[in-house]
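Chemist: Kindly generate the corresponding structure for this input.
(2 chains)
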Amino acid sequence: MIELHANEEIKLVVRKHWFILVAQLAFLVMMLFLPLLLFFAVRFVVGYAEESVAGDLSRMFDGGLMFFLSLLWLFFIWTWGFVIWTDYYLDIWVVTNKRVFDIEQRGFFQREVSIFRMDRVQDITTNVRGLIPTFFNFGEIHVQTAGSDREFIMKGAPAPTSLKEVISSLQDRRQNPTDYESDYQQGL
Amino acid sequence: MIPEEYSRPLACDIIGIMQENGLESSFELVTPATLWLGFALILGVFAIMSAVLLYHWHKYTFDKKVAKKAMTLYFSVSGIFILLLVVSLLSLTL
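Modeler: Alright, predicted model coming up:
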């Protein structure tokens, strides 16, 4: 997972806002009704098809087979729902008193872990854009660090302003010389 | 003028071909063996997906309790689905 230094403690574990997960799952919920649509489509086609075709279709999609196929579809949706949830659940920012771990799970076979030190944070920007993000209070948080061109971004961060405050206050504490003294004493 | 064989619906042609080959209708394509084979394939895919999910929940989770709850929910509902699928397959094929 992540290895913490001596004297380092986790202050916050941040996941994307629940709305991001709900929006992704909403598509799956809509897909749940696909068998019903197919059922009505078949009924519609049967109404217009030649007698032999209509007979075949009716038999092919009779109650038993239709039930089996619908169950298969639900089973697929159920499994896919967990894939989406796992992707959401493993995508996190871990804020400690010294560093921030940006862990990004891209699908199942790509996992990116970036770390930035609190004392190297130069600029933190938040961006809440749009009706839904404003209403539910989520948005982007950008962190720029010294000596790196890379910007750390978390999209869909819940309460980005509060998160910014937390990181800023932890950064301030890190830049307090007494902290360094205690770190040296702890042998960091 | 469109030749008659092109103006006929495709489904009829398929049925015609099948009848020439001794199959009375397209319904016969869905044999019990096909259904069981399809089901076995799906179970295989499910097993692979479950293994991948389990690996991620074990290795990367921050909260073991959440992972355990997710596992319990996932496997119990999936078990019910598999049971229902087997029952519906048996009722279709026996």
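
Chemist: tell me the contacts of A:T126?
Modeler: For A:T126, the contacting residues are A:G139, A:E140, A:I141, A:H142, A:A157, A:P160, A:T161, A:L163, A:K164, by Cβ atoms under 8 Å, 6 or more residues apart in numbering or on different chains. Every residue, glycine included, has its C-beta placed from N, CA and C.

Chemist: Repeat the analysis, applying 6 Å as the threshold.
Modeler: Applying Cβ atoms under 6 Å, 6 or more residues apart in numbering or on different chains, we find A:T126 in contact with A:I141, A:P160, A:T161, A:K164.

Chemist: Next up, phi/psi of it, please.
Modeler: phi -120, psi 150 (degrees, to the nearest 10).

Chemist: Ok, the one 3 residues further on next?
Modeler: When quoted as degrees, to the nearest 10, the phi and psi of A:R129 stand at phi -130, psi 130.

Chemist: Which of the contacts of A:T126 are buried, as a PyMOL select command?
Modeler: Remark: buried members of the contacts of A:T126, expressed as a PyMOL selection using 16 or more other Cβ atoms under 10 Å in any protein chain shown:
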select buried, chain A and resi 141+160+164
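
Chemist: Report the two of the contacts of A:T126 separated the most.
Modeler: Comparing every pair within those by Cβ to Cβ identifies A:I141 and A:T161 as the most remote, at 8.9 Å.

Chemist: A:F116 contacts A:V100, correct?
Modeler: Yes: A:F116 sits in contact with A:V100 when judged by Cβ atoms under 6 Å, with a separation of 5.4 Å.

Chemist: More neighbours: which of these two?
Modeler: Neighbours per residue (other Cβ atoms under 10 Å in any protein chain shown) separate A:F116 from A:V100, with A:V100 holding more: 24 against 19.

Chemist: any idea how far the more buried one is from A:I124?
Modeler: Per Cβ to Cβ, to the nearest Å, A:V100 is found 10 Å from A:I124.

Chemist: Check which helices and strands the one helix or strand A:L37 maps to sits against.
Modeler: Following DSSP states H and E, one finds A:L37 within helix A:34-48. On a contact count with 3 or more Cβ pairs under 6 Å, 6 or more residues apart in numbering or on different chains; DSSP states H and E, helix A:34-48 meets helix A:51-60.

Chemist: Now look at the helix or strand encompassing B:W36 and say if it contacts chain A.
Modeler: According to DSSP H and E, B:W36 maps onto helix B:32-60. Yes: applying Cβ under 6 Å from any Cβ of the partner chain, one finds helix B:32-60 touching chain A at B:M49, B:V52, B:L53, B:H56, B:Y60.

Chemist: Buried among the residues you listed? Need that as a selection in ChimeraX.
Modeler: In ChimeraX, this line selects whichever of those come out buried by 16+ other Cβ under 10 Å:
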select /B:49,53,56,60
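
Chemist: Using CSV, lay out the residues of helix B:32-60 next to chain A together with pLDDT.
Modeler: As requested, those are arranged in CSV below (pLDDT from 0 to 100):
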residue, pLDDT
B:M49, 93
B:V52, 94
B:L53, 94
B:H56, 93
B:Y60, 89
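
Chemist: Let me have the residues of helix B:32-60 next to chain A in JSON lines, extended by distance to A:R106.
Modeler: Formatted as JSON lines, the residues of helix B:32-60 next to chain A follow (distance: Cβ to Cβ, whole Å):
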{"residue": "B:M49", "distance to A:R106": "17"}
{"residue": "B:V52", "distance to A:R106": "14"}
{"residue": "B:L53", "distance to A:R106": "16"}
{"residue": "B:H56", "distance to A:R106": "12"}
{"residue": "B:Y60", "distance to A:R106": "13"}
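
Chemist: Tell me how far the helix holding A:L37 lies from the chain's centre.
Modeler: 36 Å (Cα atoms, centre = their mean, to the nearest Å).

Chemist: Ok, stretch A:109-121 next?
Modeler: For stretch A:109-121, the distance to the chain centre is 17 Å (Cα atoms, centre = their mean).
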